[in-house]
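dropping the sequence and predicted coords here.
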Amino acid sequence: MNQSFSSMLDGINDSYCSEVPPILNTHKFIDGIVHLLFPIMENNKWEREEIEQRFNEMQLSLQTLIEPLAKNLEKSIEEISHNVFENIPAAYEMLVEDAKTILDDDPAANCLEEVVTCYPGFYALTIHRLAHLLFQEGVPFLPRVMSEYAHGKTGIDIHPGATIGRSFYIDHGTGIVIGETAIIGNHVKIYQGVTLGARFVEKRLKHTKRHPTIEDNVILYAGSTILGKDTVVGHDTTIGGNVWLTASVPAYSTVYRHQQSVVKDSRKISQGSNNEN
C-alpha cells in the first residue's frame, strides 16, 4: 500500500478515535443498563447492595463514554451523568407502564416476562427512553449510537430526540421510523411500517420542528406515513393501513384509504387460459 495513504489514514483514524466514544463499549454499556433494569433478560437476580454497586459502576462507565465528547458539552461530565441517573427511575416507571399496556392490550401476550424478553418494540423503547435522557442533556453522538444499536437489533428506528408519552405500544414494529422532532402523546399504539417523518429534508431545517405531532389515544395501523411539522393527529383518532397523511386531522377521526379488493376464482381463470389454447 502507498505509504502516504497509510499515513493519511493513520492520522484520520487517530483523530476519529480520540473524539468519539468506543462503539463496542457503548453497546456494552447499553446492555449493562438494560439488564440491570430488567435482570430477567440475562436470567439473573441482583440483591439490593449489588444493584447499588452496579449502578455506581454504570455511572462511572457513562462518564468514561462521554469524556471524548467533552469539548462539545455545555455541562460537566459529572453533572450530565448525575442528571441521567437521577432520571432513570422515572424512565423505568414509564417502561413498566409500557409493558403493562402491551400485556393488557395484546391477546398474544401472556405475562410481563414475555413482554420484556420477547417484544422488540419494548426493547427498542427501553433503549429510546435511556437515549432520550442523554439527548436532553445535550450529549452529541452517544444517544444516536444507542438508538442505532436498537435499530440494528429490532428494525425499529427511533431518533433519540423524539418525545414519547406514557403507555406507548409498538405492535410487531419492524420498519417503524420516528423522526427527531416527532411528539407522541399518551396511550398511542403503532404497528409495523409506520413512518413519522419530515416533508422536507434540508440542512437549514436542522434546529426546527420537522416531524408530526400525535396526540393521546391514537392508533396508527401498518404502513401509514405521516409527514410534516404542522401535521397534528388529533386525540382518539385511528389512522388506517397505508394512509399517506400530510395535513392535520381533528380529534375522534377515522382516516383510511378507499380501495377495493377484487376476489376471483383462480380455477376459472386457469380454465379460461386453457380454452384459449
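Okay, I see it. Numbering: from 1, shown residues only.

tell me what the top helix by length along the chain is packed against?
Of all the elements of type helix in the chain, the one with the most residues (DSSP state H) is helix 77-105. Based on contacts counted as 3 or more C-beta pairs under 8 Å, 6 or more residues apart in numbering; DSSP states H and E, the elements that helix 77-105 packs against are helix 23-37, helix 48-66, helix 112-118, helix 120-136, strand 169-171. The C-beta positions use only the backbone N, C-alpha and C, and glycine is treated the same way.

list the buried residues for the third one?
Judged by neighbour count (16 or more other C-beta atoms under 10 Å), helix 112-118 contains these buried residues: 112, 114-116.

put together a markdown table for those, with distance to Leu134 and pLDDT on each row.
Listed next are the buried residues of helix 112-118 as a markdown table, based on distance: C-beta to C-beta, whole Å; pLDDT from 0 to 100:
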| residue | distance to Leu134 | pLDDT |
| --- | --- | --- |
| Leu112 | 26 | 95 |
| Glu114 | 29 | 96 |
| Val115 | 25 | 97 |
| Val116 | 22 | 96 |
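
which among these gets closest to Leu133?
The shortest gap between Leu133 and any of those belongs to Val116, at 19.5 Å (C-beta to C-beta).

pretty sure that closest one is touching Ile40, no?
Yes - Val116 is in contact with Ile40 according to C-beta atoms under 8 Å; the separation is 6.0 Å.

ok, now which ones touch the residue positioned nearest the centre of the chain?
Nearest to the mean C-alpha position of the chain, counting by C-alpha atoms, centre = their mean, stands Ile158 at 2.9 Å. With contact set as C-beta atoms under 8 Å, 6 or more residues apart in numbering, Ile158 has these partners: 124-125, 128, 147, 150-151, 164, 176, 178.

turn these into JSON lines, including distance to Gly234, pLDDT and neighbour count.
As requested, these are arranged in JSON lines below (distance: C-beta to C-beta, whole Å; pLDDT from 0 to 100; neighbours: other C-beta atoms under 10 Å):
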{"residue": "Ala124", "distance to Gly234": "26", "pLDDT": "98", "neighbour count": "24"}
{"residue": "Leu125", "distance to Gly234": "23", "pLDDT": "98", "neighbour count": "25"}
{"residue": "His128", "distance to Gly234": "24", "pLDDT": "98", "neighbour count": "25"}
{"residue": "Ser147", "distance to Gly234": "28", "pLDDT": "97", "neighbour count": "26"}
{"residue": "Ala150", "distance to Gly234": "29", "pLDDT": "98", "neighbour count": "24"}
{"residue": "His151", "distance to Gly234": "29", "pLDDT": "98", "neighbour count": "18"}
{"residue": "Ile164", "distance to Gly234": "18", "pLDDT": "98", "neighbour count": "21"}
{"residue": "Ile176", "distance to Gly234": "21", "pLDDT": "98", "neighbour count": "26"}
{"residue": "Ile178", "distance to Gly234": "19", "pLDDT": "98", "neighbour count": "26"}
